[in-house]
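S.K.: Sequence below, structure please.
(chains A, B and C)
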Amino acid sequence: MPPKPNPFDDVYDVVKLIPPGRVTSYGAIARYLGSKGGARLVGWAMNAAHAMDDVPAHRVVNRNGVLTGKHHFGGNRMQEALEAEGVAVENDQVVDFKNRFWDPAVELV
DNA sequence: ACGGTGACGTCTG
DNA sequence: ACAGACGCCACCG
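M.R.: Next up is the predicted model:
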């Protein structure tokens, strides 16, 4: 199926732009988009994104830095993916999340 | 057609 | 400081 214009296409674009070893939060993306969506929409966008290989949804965590959606990934697959990129994850939580945080509204401008 | 729910976030009490 | 409620949009039953 050709790339049909999804309502969260902007979300995919931002997530795809996330640098390796970096993580962002749903609210940050929603805020970057202008809050026109809402943090929950970003979450749902990731849900569909998880079906896309081009969208590293595992780099997206909640504001707490916790891998909230790891259940949807199918277990520890999300944590493994993050650690594979150099992101330390412990107790389903990103270590030094504040330092690993990547804000599109700041870094991407 | 309608209501409930959801990988969240922010405000108010 | 902590707890509870509300708001955003989309999908599913």
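
S.K.: check contacts around the residue in chain A positioned nearest to DNA strand B.
M.R.: Per CB to the nearest atom of the strand, residue A:69 is where chain A lies closest to DNA strand B, at 1.7 Å. All C-beta spots, glycine's among them, are computed from the backbone N, C-alpha and C. Residues in contact with residue A:69 (CB atoms under 8 Å, 6 or more residues apart in numbering) are A:43, A:46-47, A:50, A:57, A:60, A:78.

S.K.: ranking these by neighbours, who comes first?
M.R.: residue A:60 (28 neighbours; other CB atoms under 10 Å).

S.K.: Could you pull up phi and psi at it?
M.R.: phi -110, psi 120 (degrees, to the nearest 10).

S.K.: what sits opposite it in the beta ladder?
M.R.: Taking DSSP bridges as the rule, residue A:60 bridges to residue A:24.
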